[in-house]
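1. Need the 3D shape of this:
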Amino acid sequence: STFKNVLAELGLRYPDSEDSAVRSRILRRVWLRFRGFEFRPKDESAVADSERVRIDVCWSVGLGLGTVDPARGADFQTQGLLRALSEGDSYRIARAMALEAAYVAAAGVNHEASAFALLDRAGELAKKSGSAHALAVISLARAFAFYLWGRFADIAAHAERAENLFRERCVGAQTELDVAVLLSLRSRFFLGDLTGLRARMPAHLREAQERGNLYALYGLRTGHLVGAWLAQDDAEGAAAEIDDATRSWVEGTAFDLRSMQGWLGRSSIALYKNEPGPLYEQGLAMGKQLARSALRHVQLERVDYLWTMGRLAVATCPRGEATPRAKEVLSLAHKLAKEGSTFTEPAAALIEAGAAARRGDAKTAARRAHEAADLFDKLGMKALAAVSLRAAGIAEGDAAGATRAVDAEQALRALGVLKPALFARTYAPGFDP
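-> You can find the predicted model right below:
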């Protein structure tokens, strides 16, 4: 392709497969660990134009592929960091360190210390360089790390700072701006700011449409952001948005992050409409593809898959004791909890609550739903806390439980949900007839 030919002319190789990209990245990271992050500072003007172009191309490819093909993106990113260190350009080193931190964070919450150590060092270099772009990238990388780890309350300040810097002080940083906007919007969804999310979506969609930005249009209309339409009882509109977003990209031709985001969005729509069966079957195939893909190394993708598949499994689980599907639900919940991020514990508890409700164990269902509600509330995730409380009230089955369920539905309405029962069925299935 033209893209590969351009890279070849610069002396940069595009990995032929995910596996070769992973192997290349491992070798580069071994060298990076051996080499260290020390460098001899040089003025940008002292860097040869040809090498500066290579470093910038590695940065652009690493950033652009990071949200589509992270295996190849990570390989280019680490190559760019090594080249920047060799040249001693503080701005480009700070920028590359920040993106390296984001890739490290993608491996999971257990890598928090390593990611933040890189970001702290990158921050020092960015301040010395005086580059607004480097400072914005560092804020973006912090927001991205928090999103990867499910710490949604910590995202907003960093994402908004990055967005403002990219808009006001940086030229040609459209991809970075797109990522900042998506992180900000997704954090609003998980924090239950559905009114604010819905209010901001039209302007961002209009901006993306005016630019013909397919990446932004896809990100805004798939994945968890379909919740903005579901809150307005517009499942058909949400489905139409996904269909339009995928029109220029044929799903099924390759498995990547777009595949996951499309399935995640359609799964929530199916749960809302009480039609989970086909998406559950798609999810079984999706799990096999994920297990063979380099995306299996990205904790967020595993979490998104397990949470969504767990909800679909509960919704398709027959009522009764010890059905095979019920055992599968508990296995999915156990795997989700083992991921160990702040989000996964309450999410797993709510899936287990739904499974208990399906098998007629109202006491366990109420207990686990209450535990999920308490944990979501502590995380500031208001909508998920409310759907958990509603589930607990239904499981309790008495007058106090009925009052609790009604109060939870009122809380959802206050957050901007038009039909709380349908919205709750989407994120806490198993509790309605």
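2. CA only for contacts and neighbour counts going forward, please
-> Will do.
3. how about the helices in the stretch 251-400 of the chain?
-> Counting by DSSP state H, counting those that start in this stretch, the stretch 251-400 of the chain has helices at residues 257-272, 277-292, 299-315, 324-338, 344-358, 362-378, 382-396, 399-414.
4. Output the ones you listed in TSV, with mean neighbour count appended to each entry.
-> Shown next, in TSV, are the helices of the stretch 251-400 of the chain (neighbours: other CA atoms under 10 Å):
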stretch	mean neighbour count
helix 257-272	23
helix 277-292	16
helix 299-315	25
helix 324-338	19
helix 344-358	29
helix 362-378	22
helix 382-396	28
helix 399-414	18
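5. And the ones you listed: which comes nearest residue 93?
-> Among the helices of the stretch 251-400 of the chain, helix 299-315 comes nearest to residue 93, with 26.0 Å by CA to CA.
6. For that closest one, give me every contacting residue.
-> 106-108, 148-149, 260, 264, 267-268, 271, 274, 276-277, 279-280, 283, 287, 295-296, 325-326, 328-329, 332-333, 335-336, 339, 344, 347-348, 351, 354-355, 358, 426-430 (CA atoms under 8 Å, 6 or more residues apart in numbering).
7. what mean pLDDT does it have?
-> Averaging pLDDT along helix 299-315 gives 97.
8. Just the angle for that helix relative to helix 277-292, thanks.
-> Counting by axes from the mean of the first three to the mean of the last three CA atoms, to 10 degrees, helix 299-315 lies at 150 degrees to helix 277-292.
9. can you give me the offset of helix 299-315 from its chain's centre?
-> Here helix 299-315 is found 13 Å from its chain centre; the criterion is CA atoms, centre = their mean, to the nearest Å.
10. phi, psi of residue 42?
-> Backbone geometry at residue 42, expressed as degrees, to the nearest 10, gives phi -130, psi 150.
11. hey, what's it bridged with?
-> Per DSSP bridges, the residues bridged to residue 42 are residue 89.
12. Give me the neighbour count for it.
-> As a burial measure, residue 42 scores 13 neighbours (other CA atoms under 10 Å).
13. Quick check, pLDDT for it.
-> At residue 42, pLDDT is 89.
14. hang on, isn't it packed against residue 88?
-> Yes: the pair formed by residue 42 and residue 88 meets the contact definition of CA atoms under 8 Å, at 5.1 Å.
15. low pLDDT regions in the chain?
-> 248-254, 433 (pLDDT under 70).
16. before we move on, the earlier item: the helices of the stretch 251-400 of the chain into TSV, with extra columns for distance to residue 118?
-> TSV is the format used below for the helices of the stretch 251-400 of the chain (distance: least, CA to CA, whole Å):
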stretch	distance to residue 118
helix 257-272	25
helix 277-292	29
helix 299-315	19
helix 324-338	26
helix 344-358	26
helix 362-378	29
helix 382-396	32
helix 399-414	40
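17. wait, which of those is closest to residue 82?
-> helix 299-315 (25.2 Å).
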